[in-house]
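# can't give you the sequence, but here's the structure:
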């Protein structure tokens, strides 16, 4: 922070011209008509050094109280200590522009006059006061279906076979999982050893379903004993090698 406290100190960026707005000043700046009582915004143009207001007034809104040949008299509120003073300053026209602070008020004034005229013609009394916006009205969602979004255990069987046969195996506690080879002897589960015969996990499950059909068992609702019988029969008859597994992994069926 610089040590100087001059009139235009710390205004390198404040009074800088906007990007791609340098050069000649548009003629509309000089052709505007200002009247006493109009609201104007003080926006300093750094290219015009004459009639430049102090940096405090940059960005302030004031009311016109005097119009001269090249300047506009603006009345601006300034807080000094614990009081607010109405400061009257003269600013060159290049540093002011019409304010839009009263646009909404003027539109509302015209609208209220129309409402009053219509109410007078109908012989009713209305209120033109603005009311605070209330809460949004309630509504009912039609045709919505409930969906459970709580986390569930990951099921490879259900993931591979979809929603048709996955719940059938999960119903009896049958899950497929990958485990390292050195942990196979610790688990008391029956493993599918890696053999020359290769098939995908989906094909293996299709063979399980085919075994259930051969045994005349209801595929969509088998008993646990029937499911164990079909799985054991398949494992003893056709050991399979599942592609995608490392040599140190085995495919296991947890029952």
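Great, that's in hand. As the structure is a computational prediction, the values presented were derived from the model and not from experiment.
# How many residues are close by residue 39?
Taking other C-beta atoms under 10 Å as the criterion, the count of residues near residue 39 is 14. C-betas here are computed from N, CA, C, even on glycine.
# got the contact list for it?
For residue 39, the contact set (C-beta atoms under 8 Å, 6 or more residues apart in numbering) comprises 61-64, 98-99, 101-102.
# one more time with 6 Å, if that's ok
63, 99, 101-102 (C-beta atoms under 6 Å, 6 or more residues apart in numbering).
# Only the buried subset of those residues, as a ChimeraX command please.
A single ChimeraX command selects the buried members of the contacts of residue 39 (16 or more other C-beta atoms under 10 Å):
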select :63
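# can I get the contacts of residue 39 in CSV with distance to residue 41, secondary structure and pLDDT?
As requested, the contacts of residue 39 are exported to CSV (distance: C-beta to C-beta, whole Å; DSSP: H, G, I helix; E, B strand; the rest coil; pLDDT from 0 to 100):
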residue, distance to residue 41, secondary structure, pLDDT
63, 11, strand, 98
99, 5, coil, 97
101, 8, coil, 96
102, 12, coil, 95
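# Just put the contacts of residue 39 in CSV and tack on distance to residue 12.
CSV is the format used below for the contacts of residue 39 (distance: C-beta to C-beta, whole Å):
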residue, distance to residue 12
63, 30
99, 26
101, 29
102, 33
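# and of the contacts of residue 39, the nearest to residue 90?
residue 63 (13.6 Å; C-beta to C-beta).
# Burial check on residue 26, number of neighbours?
9.
# and what of residue 38?
Neighbourhood size, residue 38 [other C-beta under 10 Å]: 19.
# measure it to residue 81 for me?
From residue 38 across to residue 81, the span is 30 Å (C-beta to C-beta, to the nearest Å).
# and residue 12, how many neighbours?
By other C-beta under 10 Å, the burial measure for residue 12, its neighbour count, is 10.
# got a pLDDT number for it?
With respect to pLDDT, residue 12 scores 94.
# secondary structure element for it?
Under the criterion DSSP states H and E, no helix or strand holds residue 12.
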